[in-house]
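*Asks:* Sequence and predicted structure, then a few things I'm wondering about:
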Amino acid sequence: MKLHAALLCLALVAMPAALAQSPRTAPQGIDPLALIAGANDLVARAPDADIDRLFQAVHAASRNDAEACGLCALFEPGADRSLQGLQRAAEALGGDSRARFIEALAGVAIGGLQNPPQPYDPAEGEQALRTAAVTAAMLHEGFMPALENAGADAAARRARCTALRQLLQVLHGFEAGRRVAATRYLLGEGLARLGGDS
């Protein structure tokens, strides 16, 4: 599924980009670049409430047409998913979205530094994501073809973006435990992809 490429990686690099513009909002003693380097461990240790807050920040950005375009661009074939490319995408978010990301990421960072690894089954996260995709396919005609369409034309890009937004909306409607499991799964997959692309 092409959802793993960039979805929440954007959130993990939004903080350094936003903090560069507003360093007063940085939590004392937290180095954003060091957080990215240790993001897998932080995600594994962050409490469910902090992971869900991060999902909510991504979901909120996806509800805004202009900001969703920036998120969706990261899924395009040949998209720049390097750290610099992701930072550019994060900088394109509106001020409210950047602020939500900063707050959510600070929560994940602090929670990840203060807690032991949280119980998590990747198979449960993958299953929650698959269930969300099936639900979105039942609710939205053309969801799966749009999501799987590798076309480079504007219509294919718009369709993929719409499908991504539909998937996020379905996940938003899940009960918190399933939504968090899916988010942890996406974060793990996205971080692995980020490491491979950078």
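*Replies:* Received, thanks. Numbering: from 1, shown residues only.

*Asks:* next helix or strand past the helix or strand harbouring Ala57?
*Replies:* Using DSSP states H and E, the secondary-structure element containing Ala57 is helix 48-62. Later in the chain than helix 48-62, the nearest helix or strand by DSSP H and E is helix 65-73.

*Asks:* Contacts for that following helix, please.
*Replies:* 6-7, 10, 58, 61-62, 79, 89, 92-94, 97, 157, 160-161, 164-165 (C-beta atoms under 8 Å, 6 or more residues apart in numbering). Heads up, the C-betas are built off the backbone N, CA and C, glycines and all.

*Asks:* What residues of that helix count as buried?
*Replies:* Glu67, Ala68, Gly70, Leu71, Cys72, Ala73 (16 or more other C-beta atoms under 10 Å).

*Asks:* Same check on stretch 90-109?
*Replies:* Of the residues in stretch 90-109, those buried under the neighbour-count criterion (16+ other C-beta under 10 Å) are 90, 92-93, 97-98, 100-102, 104-109.

*Asks:* Out of the residues you listed, flag the one nearest to Glu189.
*Replies:* Out of these, the one with the shortest distance to Glu189 is Val108. That distance is 16.4 Å, counting by C-beta to C-beta.

*Asks:* Next up, the contacts around that closest one.
*Replies:* For Val108, the set of contacting residues under the criterion of C-beta under 8 Å, 6+ apart consists of Leu42, Val43, Ala46, Asp50, Ile51, Arg53, Leu54.

*Asks:* any idea how far it lies from Cys72?
*Replies:* Counting by C-beta to C-beta, to the nearest Å, the gap from Val108 to Cys72 is 23 Å.
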